[in-house]
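Student: Fold the following.
(one chain, ligands or ions: 1)
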Amino acid sequence: MPKAQETVLEIDLIALKHNFEYLKSKLQNNTKFLAVVKAFGYGSDACEIASYLQTLGADYFAVAYINEGVALRKSGITKPILVLHPQAVNLKTLITYSLEPSLYNAKILKEFISIASVEKQKDYPIHIKFNTGLNRLGFWENDVDHIVSEINKTDAVKVTSIFSHLAASEDLNEKEFTLGQIKNFNTISKNLIDKLTYRPMLHMCNTSGILNYPEAHFDMVRGGIGLYGFGNSDKENKNLIPIATLKTIISQIHNIEKGESVGYNRAFKSNSFLKTATLPIGHADGIGRQYGNGKGFVTINGQKAPIVGNVCMDMIMVNITNIECKEGDEAIIFGQDNTAEQLAKTTNTISYELITFVSQRVKRLFLK
Ligand SMILES: *Cc1c(COP(=O)(O)O)cnc(C)c1O
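Tutor: Below is the predicted model:
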């Protein structure tokens with residue numbers, strides 16, 4: 001890996017290939033793989049990730065919002081793209097870019113059918129989302145008759161898939177609840193399929209669902225965090241490789257005498273001599289203020305350097321008192337050894353949050 005000369009997020013596409021192949025190895029041969037690339041590919045780069053996964057054979061992509069799907073189309077993604085949470089205001093754009101909506105309540109179903117009809121669409125692919133216990137988005141079991149009656153009134157749309165989302169697939173203490181969701185989904189989807197003249201695909205599993213509930217893989221799975229290298233358990237983390245390394249360099253080293261303070265609000269006051277390194281990365285780059293004052297740390301020459309004082313917008317200062325290092329040396333915020341999950345834990349959050357926080361200001365570099 002090249003040594004950092006500024007703050008960069010390195011994306012290891014070889015690791016991405018490994019993760020994709022590992023998740024695929026858990027599937028039956030005919031189960032499709034939908035790669036979730038929302039939120040800039042979990043903070044990396046949605047277009048690069050999707051392009052590479054498209055060449056590796058991903059069958060489908062998903063994003064949260066319509067504008068994310070538009071960006072993928074503009075970068076040359078030709079596979080189907082599911083938009084998980086479309087809003088009525090952009091549905092015409094969704095059709096222009098051949099994106100496929102998740103329809104989750106009577107309002108958005110009606111609005112989409114109306115726009116698809118005005119746009120003279122025929123059999124436009126739609127995905128019907130059911131709530132089976134997450135209580136976030138989705139039709140209820142007793143909405144099936146309404147859905148069927150709306151769909152039968154038009155030939156503008158065709159149900160490509162029926163899906164649901166698990167609430168606690170990573171938590172085996174919640175196995176009974178999860179099995180209940182799966183049972184629920186089986187009942188609802190059978191009921192809907194019985195009332196259609198064709199059979200849509202079924203899908204339910206996110207990464208932890210893929211790993212923990214093979215009986216719920218159905219026709220397709222939706223892998224997100226696993227592609228980026230996190231398996232939501234110590235056991236599965238060992239089988240995956242984090243694809244993103246956030247690194248920077250030491251801009252300046254300071255000697256801080258006993259009684260001096262470091263940073264804004266004088267949040268840190270030294271009671272002995274220390275050495276600090278100032279790094280060009282701050283909360284505007286994705287290192288939240290909650291990591292300040294000794295909670296979070298970076299790694300310099302293999303050793304932990306805790307953050308001293310408050311996190312600034314563009315900088316942090318770290319304690320290097322006992323670390324051999326000089327101005328220009330590299331500092332790793334998270335990567336394959338010191339993972340985003342470990343750093344996230346220092347502030348009681350999860351890898352998902354830390355990796356999606358890396359802001360667009362940070363340059364992305366791709367290792368192929
Ligand atoms: C984000 C998301 C996923 C991916 O979940 P991971 O835990 O990252 O694998 C799958 N399905 C839906 C509906 C999502 O919102």
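Student: where along this structure do the helices fall?
Tutor: Taking DSSP state H as the criterion, the chain carries its helices at 13-24, 38-43, 46-56, 66-74, 91-96, 106-118, 144-152, 175-194, 207-212, 234-237, 340-345, 351-356.
Student: Any chance of the ones you listed in a markdown table with mean pLDDT and mean neighbour count as columns?
Tutor: (Glycine included, C-beta is placed from N, CA and C.) Putting the helices of the chain into a markdown table (pLDDT from 0 to 100; neighbours: other C-beta atoms under 10 Å) gives the following:
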| stretch | mean pLDDT | mean neighbour count |
| --- | --- | --- |
| helix 13-24 | 98 | 19 |
| helix 38-43 | 98 | 23 |
| helix 46-56 | 98 | 19 |
| helix 66-74 | 98 | 19 |
| helix 91-96 | 98 | 17 |
| helix 106-118 | 98 | 17 |
| helix 144-152 | 98 | 16 |
| helix 175-194 | 98 | 17 |
| helix 207-212 | 98 | 24 |
| helix 234-237 | 96 | 14 |
| helix 340-345 | 97 | 20 |
| helix 351-356 | 97 | 22 |
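Student: for those helices, which one sits closest to the ligand?
Tutor: helix 207-212 (3.2 Å; C-beta to the nearest ligand atom).
Student: Give me the contact list for the closest one.
Tutor: 23, 26-27, 166, 169-170, 172, 178, 216-217, 221, 223-227, 230-233, 236 (C-beta atoms under 8 Å, 6 or more residues apart in numbering).
Student: how does the protein divide into domains?
Tutor: 31-228, 244-367 (automatic domain parsing).
Student: residue contacts, the residue nearest to residue 301 when sequence neighbours are not counted?
Tutor: Using C-beta to C-beta, 6 or more residues apart in numbering and skipping residues adjacent in sequence, the residue nearest residue 301 is residue 325, 5.4 Å away. Residue 325 makes contact with 250, 253, 277, 300, 301 under the criterion C-beta under 8 Å, 6+ apart.
Student: gap between residue 325 and residue 58?
Tutor: 41 Å (C-beta to C-beta, to the nearest Å).
Student: Please apply the same query to residue 2.
Tutor: 28 Å.
Student: Can you tell me the closest non-neighbouring residue to the closest residue to the ligand within the chain?
Tutor: Residue nearest to the ligand within the chain: residue 224 (2.4 Å; C-beta to the nearest ligand atom). Nearest-residue entry for residue 224: residue 36, 3.5 Å, with adjacent residues in sequence omitted and distances by C-beta to C-beta, 6+ apart.
Student: Check what pLDDT the one you found gets.
Tutor: On pLDDT, residue 36 comes in at 98.
Student: so it makes contact with residue 222?
Tutor: Yes - using C-beta atoms under 8 Å, residue 36 is in contact with residue 222, at 5.5 Å.
Student: what touches both of those two?
Tutor: 62, 206.
Student: between the helices of the chain, which one is nearest to residue 267?
Tutor: Relative to residue 267, the nearest member of the helices of the chain by C-beta to C-beta is helix 340-345, separated by 19.8 Å.
Student: and the closest one, how far out from the chain's middle?
Tutor: 15 Å (C-alpha atoms, centre = their mean, to the nearest Å).
Student: So which elements touch that helix?
Tutor: Here helix 340-345 is seen to pack against strand 330-334, helix 351-356 when contacts are counted using 3 or more C-beta pairs under 8 Å, 6 or more residues apart in numbering; DSSP states H and E.
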